[in-house]
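> mind folding the following:
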Amino acid sequence: MVGCNPNLRQKLLTDPKLALKCIFGPCTPYQFRLTGPRNWNGAREAIMTQWDRTFYPLKTRPLGFKTEKSSNTFYLYVFFIVVLAWFIKIFFSS
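Residues are numbered from 1 along each chain as shown. Purely as a prediction, here's the structure:
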């Protein structure tokens, strides 16, 4: 009724990147500020960066992971050797 619903067909021709964000992204109030009587010049930028603003609060401090190879594979090989030796002892000892 107010005329603020964006015409996505026209946006596909003029600004396809923005139109795809509007079609496949989450529906946000910024989309209704693209056109209409109270349009906002920053609405395009807000739509393009909405995922950045969503994920930013979820980030925490860096967790200092080891960059060197973990010795888990060594323990895995040792485990398999021990299990193999155990099976050999049980099945081949008479």
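> show me the helices in this structure, by range?
For the chain, applying DSSP state H gives helices covering 8-14, 16-24, 43-48, 50-55, 72-92.
> tell me which of those lies nearest to Gly64.
Distance to Gly64, taken as C-beta to C-beta, is lowest for helix 72-92 among the helices of the chain, at 17.7 Å. Yep, even glycine has a C-beta here, placed from its N, CA and C like the rest.
> pull out the buried positions in the closest one.
Within helix 72-92, no residue is scored as buried using 16 or more other C-beta atoms under 10 Å.
> average pLDDT across that helix?
Averaging pLDDT along helix 72-92 gives 87.
> now distance to Leu34 too, for the helices of the chain, in a markdown table please.
Formatted as a markdown table, the helices of the chain follow (distance: least, C-beta to C-beta, whole Å):
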| stretch | distance to Leu34 |
| --- | --- |
| helix 8-14 | 8 |
| helix 16-24 | 8 |
| helix 43-48 | 5 |
| helix 50-55 | 13 |
| helix 72-92 | 52 |
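> in this protein, where is pLDDT below threshold?
Residue ranges of the chain with pLDDT under 70: 63, 66-71, 94.
> about what we covered before: wait, which of the helices of the chain is closest to Gly36?
Nearest to Gly36, of all the helices of the chain, is helix 43-48, at 10.2 Å by C-beta to C-beta.
> could you check the closest one and say which residues are buried?
By neighbour count on 16+ other C-beta under 10 Å, the buried set for helix 43-48 is Ala43, Arg44, Ala46, Ile47.
> ok, and what's touching it?
The contact list for helix 43-48, computed with C-beta atoms under 8 Å, 6 or more residues apart in numbering, reads Asp15, Lys17, Leu18, Lys21, Cys22, Gly25, Thr28, Tyr30, Gln31, Arg33, Leu34.
> which one is the fourth one nearest to, not counting chain neighbours?
Taking C-beta to C-beta, 6 or more residues apart in numbering as the measure, Lys21 lies nearest to Ile47, with 5.5 Å between them; neighbours along the chain are not counted.
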